[in-house]
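1. just coords:
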């Protein structure tokens, strides 16, 4: 009997562990840059484009959004392209093998969609100079490796305006993956947006330390709801925080894709990725023979690679109008999110009136603005921006 | 019981093989209503296999089981599980009771029964059990917890459990092994009463005395075959022993007077707790001298286990001292006892004495692997280990295909010989170092066949005569009387007295074992 | 129960040699047959899929004739950590010490190795910055890292009798979170623009490559297998480990120091897992980043178990399992099947092999009930 119990325990333990150790994706920011250039490349066969995903498409978040981009290429170019994808590739030694395998199988363009694929992409690219690589969210480039990312902080700021208008408890929960600049930038932009419509509201942050962790994401959201939050925002790969909010009768802000489609109208809006915009552009250039690799792209709402999803009917028309006005101002480059005055969580005046953060300062952001409660890696400094 | 009583159960031509072993070979057995039928045989003769076939644990390769009704007309049945067996009125009382200590007597009796309602009316169950125990004159405290009652009472609970399930055919596996002589006599009376009610009783044993006094008929198994079924009145002990072993056997042992030397093992005022934290040895003092066998008599569970463990360093002592040949080893690790020349034949061969899945060679090297030539620095010389084992196998006559055979595949007797060989050899190393060896033998002949018992006893006597201090724990009073120079009786963790065999009787020992007399 | 017959399992006293060999082979064949059905249902040609798995894992004949061994070299890359974690698990399991913590011990080994690579040159600049000084140093420190992490459950078990299953599992999480904290926090690459991950190790700490991505780690893993075999079969320690595993009571009786042996075994076990952390960081990623804790510590349990804890077989099983993983990717890459089909297929093969073991220990009996009883029942 005792023996049997031990075995049961052992088996149960293994099951827990196996469930817990499935690794997630990593995403981060990339530096800004421009596309352009021209190269001749004759195409007779369909252009073969392969995608490497870190999570299953079924995450309805990060990877799903990339797969929408893949489908956009297919819709746009039809027989001229042939796309494949490999999902759920962990960011370990396996990644390099999968990327190399795709290169050997004759793909012309390989898109690797997680930060952790950066080194393997660079390594494989050096062996296949005739294959073009696009890495999402990294910072290393090579002649045939370009990086692509978007200014997600812009729509996040807009979504903050919506969240601030919705909160009654003046407490907004934010389920966040890792305390890295990309995520912190999103939180700060969101908080600045919130303060536009609810000056006294606080944004409470809980770190899950995982990109793809449905149970952790759900638990974090529940904890935030229990501590008084009535709006839940997130920076994760799945819809779990949205579901948790809906279950508790609260509203939420989605991310990655229009999560209203999966969860319902309690998702007021979502800052979304439109990867297809850039993917289609790159494929078009390759087909035209005008493509030159090795660029760094950090596009904003003006390019359309990031945007805000349509509002839920639960959002008032006044709020929607305010948001749309702010959106147009950003698209028209009349203003940006991180322009002074910006006060840090510790009371420091980080950005003085009339100054705006540089791209470099945004890309290394490790402090919180006033109104954010949670653990940031660093104290807010003073005198940034130019 | 008469020869014309209807047949309760018949086994016809039962054959059961395990890979490489013919456990039952065309065995017939017939048991009548109102009969106590003893199943006699050495270990490995096929008694347990046969009963496992009858109770549905094994399926026979060939043969038939028939159950009779009141008129004696038989019908064939197939029994594929113990549940089927119970349904057919076959109940088994195992040697090791299968009771839950933290439940009451009544709860244990209904445990696992079909059709027990979800909400129990324990009052009516207890009344039923009480009525049953009255009817068969087996008093049990129905609402007491199992851990509170004595071993004899626990056995009655097991029997009642079978009767409560409507058992007409009752199988008892060595029912007296854990009882005092007095308790054993009570069990015999109980069985007699049950037979009087028309139950058929099958009674597994290897003790000739018991069979002669309790049973009506005996079926003797040897090497899987039924060698005889005889009326007890028409045979005698000697004849049964011959049938069982297949040859002439000696029932006495030669022992010289020996030369008793100084005290080697000294246990002085020791207090120790058992695994459950209850004080099991209460201020116990014993001395074993070189060249003597000190026998320990007592009902199992009265401190024997703790005594052997205290004397070998396997159990902590709370008070008192343990001294070996003048060296104070109180609460020293077991390896120090081994170094001091304390050898140990444990009561539980496969539980402690051997690692059953490991080869015999590994098992025989359990005391030798630290010393050259088997050890060479941190390395282990497997070739020398095999050679060492091979040598012991030959000298001690261990019957095995070879030193690579897993120890569990040996018969009980040969396992015991292997342990003895190992421990006696360790004793000779102690002697080479100028130490007086100690040999602690706990139930060394339990479960062995007659031939192996003779061997074991001869070795123990040899050790004694060679100057080893021998502590012999046994449940067989005959054995103690025959082997010991002195006998100490344990009861409740205390020594009730130390007597010389010539100056006492089995009855007196029985009273001391029951705690009713001190000497 | 009105069936006219009943199937029961009966324990075998001794499994015949033929059964021991036949059962795993039949298990695999049954798994492949079953897998073929699943693949067919998923819309793939099973034979083509199996062909793709084989070439994906081992390469094709034409590739071999061209001197192209890329596929099989990738299988070997995957094999190295599995050999080491398989050995780590086997050492502990041999003693029936259920070390489920190889994952965390591997991570700690990697973290310790990373510290040497990233910071030791700065702390003690005097150490010659060459491969042959730094690599042994990193290996030793990684072994120490894994061993230290394994010592916590070892001490808890040895002196307080705390169940090691719970402690080793829990310490995995602690180790993984610590490691994530390090590369997202204090050890983050100062020039990495805030991205999670340490700086790249200096090149004199990279394990030299033998071919493709196969590094010297392979030699280390094979050497470790030999050492573990020696320990198991030819040392007093191995004897005591086996004795403790088979019967702890008998080991105590034979004078084995229980606490001491638990500690030695866990130092060995954790050290081997830590060595895997070294081969993965110094050999493959060359930095501390996401992707060190990808389950090798847990897969090692399967490797050790299927190999029945024997070092030689661990090498073989680790290679075959890697082939299954590497080749299995082709179900996605070449056949366009979803990742879940690949994982399902891999899981099923393992399930059949482990489940088939029942038939080596039991034999199946079908008992017919005579009509009389059937009517009654």
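-> Thanks, I have it. These numbers come from a predicted model, not from an experiment. Numbers count the residues shown, from 1 in each chain, chains lettered A, B, ... in the order given.

2. and the stretch 251-386 of chain A, which residues reach chain C?
-> A:363, A:364, A:365, A:366, A:377 (CB under 8 Å from any CB of the partner chain). C-beta here means a position set from N, CA and C on the backbone, and glycine is covered the same way.

3. quick check, the first one in contact with residue A:153.
-> Same thing as residue A:363. No - using CB atoms under 8 Å, residue A:363 and residue A:153 do not qualify as a contacting pair, with a distance of 10.8 Å.

4. tell me which of those two has more neighbours.
-> residue A:153 (26 against 22; other CB atoms under 10 Å in any protein chain shown).

5. find the nearest non-adjacent residue to that one, please.
-> The shortest distance from residue A:153 to any non-neighbouring residue, by CB to CB, 6 or more residues apart in numbering or on different chains, is to residue A:189 (3.8 Å).

6. wait, the one you found sits on residue A:161?
-> No - using CB under 8 Å, residue A:189 makes no contact with residue A:161, being 10.7 Å away.

7. just the strands in the stretch 101-250 of chain A please.
-> Assigned by DSSP state E, counting those that start in this stretch, the stretch 101-250 of chain A shows strands spanning A:109-112, A:132-136, A:145-150, A:171-176, A:202-207, A:231-235.

8. tally of neighbours for residue B:422?
-> Taking other CB under 10 Å as the definition, residue B:422 ends up with a neighbour count of 26.

9. which phi and psi does the most centrally placed residue in chain A have?
-> In chain A, the C-alpha nearest the mean C-alpha coordinate belongs to residue A:256, at 5.9 Å (CA atoms, centre = their mean). Geometry field for residue A:256 lists phi and psi as phi 80, psi -60, criterion degrees, to the nearest 10.

10. what's near enough to touch it?
-> For residue A:256, the contacting residues are A:60, A:61, A:62, A:64, A:65, A:237, A:270, A:272, A:273, taking CB atoms under 8 Å, 6 or more residues apart in numbering or on different chains as the criterion.

11. look up the closest residue to it, ignoring the ones flanking it.
-> Spatial nearest neighbour of residue A:256, excluding adjacent residues (CB to CB, 6+ apart): residue A:61 at 4.1 Å.

12. helices or strands up against the longest helix along chain C?
-> Taking residue count as the measure and DSSP state H as the definition, the longest helix of chain C comes out as helix C:131-160. Contact analysis of helix C:131-160 by 3 or more CB pairs under 8 Å, 6 or more residues apart in numbering or on different chains; DSSP states H and E lists helix C:102-123, helix C:164-184, helix C:258-280 as its packing neighbours.

13. the closest residue to residue A:352 other than its chain neighbours: how many residues sit nearby?
-> Distance criterion CB to CB, 6+ apart; nearest residue to residue A:352, sequence neighbours excluded, is residue A:340 at 4.9 Å. One way to gauge burial is a neighbour count; for residue A:340, by other CB under 10 Å, it gives 16.

14. ok, what's across the strand from residue A:340?
-> Residue A:340 has these beta-bridge partners by DSSP bridges: residue A:353.

15. and the pLDDT at it?
-> The per-residue pLDDT reported for residue A:340 equals 82.

16. run a quick neighbour tally on residue B:518.
-> By other CB under 10 Å, 12 other residues sit near residue B:518.

17. show me what contacts the residue nearest to it when sequence neighbours are not counted?
-> Spatial nearest neighbour of residue B:518, excluding adjacent residues (CB to CB, 6+ apart): residue B:496 at 5.1 Å. Listed by CB under 8 Å, 6+ apart, the contact partners of residue B:496 are B:489, B:490, B:512, B:513, B:515, B:517, B:518, B:519.

18. quick one: which of those residues is most hemmed in?
-> In the contacts of residue B:496, the most neighbours by other CB under 10 Å go to residue B:489, 29 neighbours.

19. now that one: which helix or strand?
-> Following DSSP states H and E, the helix or strand that holds residue B:489 is strand B:486-491.

20. one step back: could the strands of the stretch 101-250 of chain A be laid out in JSON lines, adding mean neighbour count and distance to chain B?
-> Supplementary listing: the strands of the stretch 101-250 of chain A in JSON lines, determined by neighbours: other CB atoms under 10 Å in any protein chain shown; distance: least, CB to the nearest CB, whole Å:
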{"stretch": "strand A:109-112", "mean neighbour count": "28", "distance to chain B": "50"}
{"stretch": "strand A:132-136", "mean neighbour count": "27", "distance to chain B": "52"}
{"stretch": "strand A:145-150", "mean neighbour count": "26", "distance to chain B": "53"}
{"stretch": "strand A:171-176", "mean neighbour count": "28", "distance to chain B": "45"}
{"stretch": "strand A:202-207", "mean neighbour count": "22", "distance to chain B": "45"}
{"stretch": "strand A:231-235", "mean neighbour count": "31", "distance to chain B": "45"}
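
21. go through the ones you listed and name the closest to chain C.
-> Within the strands of the stretch 101-250 of chain A, the stretch nearest chain C is strand A:202-207; the backing value is 9.8 Å (CB to the nearest CB).

22. quick one: low-confidence parts of chain A?
-> Low-confidence segments of chain A, defined by pLDDT under 70, are located at A:1-44.

23. domain assignment for it?
-> Per automatic domain parsing, the domain ranges recorded for chain A read A:47-150+A:274-299, A:153-270+A:306-373.

24. can I get those in CSV including distance to residue B:42?
-> Supplementary listing: these in CSV, determined by distance: least, CB to CB, whole Å:
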stretch, distance to residue B:42
domain A:47-150+A:274-299, 62
domain A:153-270+A:306-373, 61
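
25. looking at those domains, which is nearest to residue B:392?
-> Each of those was scored for nearness to residue B:392 using CB to CB, and the closest is domain A:47-150+A:274-299 (52.7 Å).

26. which element is residue B:22 on?
-> When elements are assigned from DSSP H and E, residue B:22 belongs to strand B:21-32.
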